[in-house]
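Participant: quick check, what structure comes out for this input:
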Amino acid sequence: MTDTAVKRLLSETTTVVHSPGYEGANIGTIIGFKHVNYLVEKAIIDHFRVSGLPVGALYEECGLGFDLTFLDSRLNTALIVDDQASIEVKPVTKDGDDELTFKVSITVERDGEPNKAVSSKARAVLRYDEDDRRMLERKPVPAGLERFVKARIGGAEPGAEVAELGAETLISGGSVDRDPVLEQLTAGENAYAWKFRIPYPYVHFFERMPMSGYLRLMEEAKHRFVDARGISIRALLDESNWIPAVTRSHVTLLDEAHLEEDLYVVYTVDNIFKNLLYTSRLDYYVVRDGRLVKTATGEITHAYGVVENGKKGRLVEWDERVARAFRGEGDAK
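Facilitator: You can find the predicted model right below:
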């Protein structure tokens with residue numbers, strides 16, 4: 001790992017071609033927003049590799065774990081499972097920045113022409129693993145990367161004091177949507193929330209939840225919210241062949257959430273635009289020493305669409321029943 005590699009990482013644009021993961025094709029052959037964001041992350045990891053600083057080697061040799069801390073993606077054209085997506089990663093880190101910053105664009109071919117499908121901004125850090133039991137032969141941090149190394153991601157100040165904790169103890173992966181902390185977080189808000197005990201499949205580097213875990217919960221939040229409001233994804237598919245479609249998502253990590261902690265996830269509807277689009281905010285909390293600590297926040301913009309022949313989609317206006325559900329105005333049934 002040389003000074004030249006660090007210079008490349010911070011200055012040279014790279015391009016890689018990837019096909020989306022088949023698991024992400026949950027809308028006919030269209031790839032869901034979560035897996036689109038996975039492609040962005042994968043391309044940034046490839047950028048490290050091409051520059052001469054593979055993220056695996058950074059951890060294995062120096063105990064530095066790669067973590068995305070911010071991801072903001074706009075989806076302009078749907079990706080489909082057969083796409084060979086060209087993904088450009090442009091470093092835009094400024095002097096004095098303490099996070100690595102990138103602009104990422106995904107281009108696919110449509111009707112024989114290149115079409116920019118996704119535009120993203122991302123930030124990353126290198127999280128130092130201080131546990132010497134795991135790093136018996138640690139090498140020094142490569143010169144030029146020191147400012148991006150963190151002893152901890154974020155460092156949010158404790159917030160409101162929690163009046164009462166729930167009595168129920170969850171097992172790994174378990175969840176409830178009735179809890180005193182949830183009631184405190186959603187009081188007076190047009191929101192749905194649940195408590196979730198972070199399981200091992202949601203973490204990396206042994207113990208902390210990465211960006212991908214928050215994206216998974218962001219997708220689940222939509223499903224839980226509409227199900228709780230009487231307009232579940234399955235119900236609207238059966239009735240009208242409507243499927244949720246995401247046009248933008250972003251997540252910012254503010255602190256760390258750890259394996260087997262209880263995570264409180266709050267999905268709040270913020271804005272509704274002409275029965276065509278709506279934005280929701282996602283806030284994620286843990287309770288430490290009796291106080292709320294926000295570990296991440298984000299926003300997602302949703303619409304509804306109809307997909308025909310596997311990949312041809314068009315947006316639709318929803319009806320008043322759906323609008324009432326989004327506004328939280330009584331029974332949507």
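Participant: in PDB, list the C-alpha atoms belonging to the lowest-mean-pLDDT helix or strand in the chain.
Facilitator: In the chain, no helix or strand scores lower on mean pLDDT, DSSP states H and E than strand 312-316, which sits at a mean of 84. Extracted in PDB, the C-alpha atoms of strand 312-316 (Å, rounded to 0.1, in the frame of the first residue of the first chain):
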ATOM      1  CA  LYS A 312     -42.200  -1.700 -18.400                       C
ATOM      2  CA  GLY A 313     -43.400   0.500 -15.600                       C
ATOM      3  CA  ARG A 314     -45.500   3.600 -15.300                       C
ATOM      4  CA  LEU A 315     -46.500   5.600 -12.300                       C
ATOM      5  CA  VAL A 316     -50.100   5.800 -11.200                       C
END
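Participant: parallel or antiparallel, which strands does it pair with?
Facilitator: strand 291-308 (antiparallel) (DSSP bridges).
Participant: which parts of this structure are helices?
Facilitator: 3-11, 33-51, 55-62, 180-186, 211-228, 233-240, 320-327 (DSSP state H).
Participant: would you mind giving those helices as CSV with mean neighbour count, mean pLDDT and distance to Arg281 added?
Facilitator: For every residue, glycine as well, the C-beta is placed using N, CA and C. Converted to CSV, the helices of the chain look like this (neighbours: other C-beta atoms under 10 Å; pLDDT from 0 to 100; distance: least, C-beta to C-beta, whole Å):
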stretch, mean neighbour count, mean pLDDT, distance to Arg281
helix 3-11, 15, 94, 33
helix 33-51, 22, 97, 16
helix 55-62, 17, 96, 30
helix 180-186, 17, 96, 12
helix 211-228, 20, 96, 10
helix 233-240, 13, 94, 20
helix 320-327, 16, 92, 13
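Participant: what's the domain layout of this protein?
Facilitator: For the chain, automatic domain parsing gives the domain ranges 1-150, 152-333.
Participant: low-scoring stretches of the stretch 151-300 of the chain, by residue?
Facilitator: Judged against pLDDT under 70, the stretch 151-300 of the chain has no low-scoring part.
Participant: which residues of it fall in strands?
Facilitator: Using DSSP state E, counting those that start in this stretch, the strands of the stretch 151-300 of the chain run over 175-176, 191-197, 243-253, 262-273, 277-288, 291-308.
Participant: identify whichever of the helices of the chain lies nearest to Glu308.
Facilitator: Nearest of the helices of the chain to Glu308, taken as C-beta to C-beta: helix 233-240 at 13.4 Å.
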